[in-house]
Structure formats: C-alpha cells, structure tokens
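Undergrad: Make a model of this:
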Amino acid sequence: MFDRGIEIKTRDQIESMRAAGLVVGQTLELLRGSAVAGVTTAQLDAIAHDFIRSCGATSNFLGYHGFPGVICTSVNEEVVHGIPGPRVLRDGDVLSIDCGAIIDGWHGDAATTVAIGEVTDADLGLMQATEEALWRGIGAAALGGRVSDISHAVETTIQAAGPYGIVEGYTGHGIGSAMHQPPNVANYGRPGRGPKLVKGLALAVEPMVTMGTDETRTLADDWTVVTADGSRAAHYEHTFTLTDRGAWVLTALDGGAARLAELGVPYGGH
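TA: Residues are numbered from 1 along each chain as shown. From the prediction side, this is the model:
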C-alpha cells in the first residue's frame, strides 16, 4: 500500500526489517568495541564488511550513488557521510559511525557516536544531548500522530540541553524496500504536521547536532559533510516502527525496550 509515495509494510515485511535492523545493531556494537586510538577508519569498514556478510546480509551503503564503504565514519567536525580510509583515530576524537544492511530486500539503518579514549566533558554533553533527542523523538511518535511530532521533540530536547546547532540540511527519512524513502523526518519544527503515523510505516530518525552553528559544507570528495565553523558534531540514528502496543526500534538490540521504559513510553516489540 502506498500513499503519497509513502510505503506501508506488512507484518512479515516489518519482521524482515527487524532482521536487517539486528544486523545493523550488532555491527555497531562490534564497531564500538573496535573503535580505539590507533585504528584506521578503513579497518573499521573492513570489520563491518566482514560481519555484515557473515550474517547473510548485504550493505546498503556500499555503491550507493558510488559510495565506496559499508559504513560512514565521520570524525570530530565531520557531521555525516565521512568516507572510511587511512585516517588514524586518536585519543580525544569523536567518531560518528553510520551503518546499514539489507535482508530479503528490506533495509535497516542506524548510527552512533563513539568517544575515542578520553574526550572532554563538552564532547560528552554533546553526545548525550543528541542521543537523548533521538530517543525523545521516537518516544513522541504514536499512532494517529504526525511525523513532525518527532521533529518537535528532537528540537526541544536539544534546545533544552544547551546552545547547540541543529543541522537542518539533512534529515531522517522513511525506510523499507529502499534505504531512503518519503517522508523526510526533520530535526526541528512544529508538532502536528506532515503525514500521519500509522502501522506499517517505518522511519529512520537521526539528529545531527553541533557545538557551534548549524551551517555545514561538503568537502571536495562530494560526500563528507563538515561544520562550517569547525566545531564538533554528533550523530545518532535508529529505524523504528509503531505497533498497536507502541514503538518498536528495529535497529536496537533490545528493540528499544529499556530506553523507552525510561521515558515512560510503551514498548511495541516482541
């Protein structure tokens, strides 16, 4: 069923997305432990490539519009879409890892930000604010609500946390039989707007937050997005859907049960 280009999945299709989402979640968990000082971003990419393949899944990043990696590795002032390569991670770096996988034609997509060794309290505050905004965005979603309910929750959470910049040029998105689908899920906006939240709709929510302004630019590689003022950035993402019982975070290993419980939000998975 399609409505204005929006794909509504069956229960079986959502189950396939959960399988893909678990591969993504497990890959990110593996990479969190592997991302240490002295490791290159290309080495992390190789670890992800081998693990995704070992799970019987394929990467939805590799070859996407020519992208050469299976993960995006964005360091410090790099916001998103960093290309894995010879860069050596150093103590004090902040690394965003974005990852996706496909099983039976259905996609999962998630991202996390990792502290390399000892980082500053300011870095930790940025990371915590961004991750909290992700979860509060998901927690604001309910059947019958609107997509911008998520956007509003993300924005107000970040604004309450500090004088951070919310990147507006890149958004979350619908996801299913393709990695990027309608509708866009902005990280700011008034509630009660946009498409209705219904069963079978799957969304990737992904706040991108900076310590400075929200302005960005793209490097000469045509991929890597950096902050215009050189300030550090954080990026978190999960794919989720709504069931009759509540939210089900398809890329979280526990389906989001623990974090949703902290927010007092019903868990809709199994």
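
Undergrad: Next one: residue 178 from residue 107, what distance?
TA: The gap separating residue 178 from residue 107 is 7 Å, by C-beta to C-beta, to the nearest Å. Every residue, glycine included, has its C-beta placed from N, CA and C.

Undergrad: Likewise for residue 164?
TA: Separation of residue 164 from residue 107 (C-beta to C-beta) stands at 29 Å.

Undergrad: Of residue 178 and residue 107, give the one with the bigger neighbour count.
TA: residue 107 (25 against 14; other C-beta atoms under 10 Å).

Undergrad: Would you verify that the more buried one is located in a helix?
TA: No: assessed by DSSP: H, G, I helix; E, B strand; the rest coil, residue 107 does not belong to a helix; its assignment is strand.

Undergrad: which residues sit in contact with it?
TA: Residues near residue 107 by C-beta atoms under 8 Å, 6 or more residues apart in numbering: 17, 20, 60, 100, 101, 175, 176, 177, 178, 179, 239.

Undergrad: just residue 39 next, same as before
TA: 88, 89.

Undergrad: Phi, psi for it please.
TA: Backbone torsions of residue 39, given as degrees, to the nearest 10, read phi -90, psi 140.

Undergrad: again with the one 3 residues further on
TA: When quoted as degrees, to the nearest 10, the phi and psi of residue 42 stand at phi -70, psi -40.

Undergrad: Measure how buried it is and give me the count.
TA: Going by other C-beta under 10 Å, the residues that sit close to residue 42 add up to 16.

Undergrad: Ok, residue 133 next?
TA: The tally of other residues near residue 133 (other C-beta under 10 Å) stands at 27.

Undergrad: Tell me the pLDDT of it.
TA: For residue 133, the pLDDT comes out at 98.

Undergrad: Name the nearest residue to it, sequence neighbours excluded.
TA: residue 157 (4.1 Å; C-beta to C-beta, 6 or more residues apart in numbering).

Undergrad: Please tell me I have it right and the one you found contacts residue 131.
TA: No: if you go by C-beta atoms under 8 Å, residue 157 and residue 131 don't touch, sitting 9.9 Å apart.

Undergrad: Could you check which of the two has the larger neighbour count?
TA: A direct count of neighbours by other C-beta under 10 Å for residue 157 and residue 131 places residue 157 higher, at 23 against 20.

Undergrad: Tell me the buried residues in stretch 220-234?
TA: Across stretch 220-234, burial judged by 16 or more other C-beta atoms under 10 Å covers 223, 224, 225, 226, 227, 231, 232, 233, 234.
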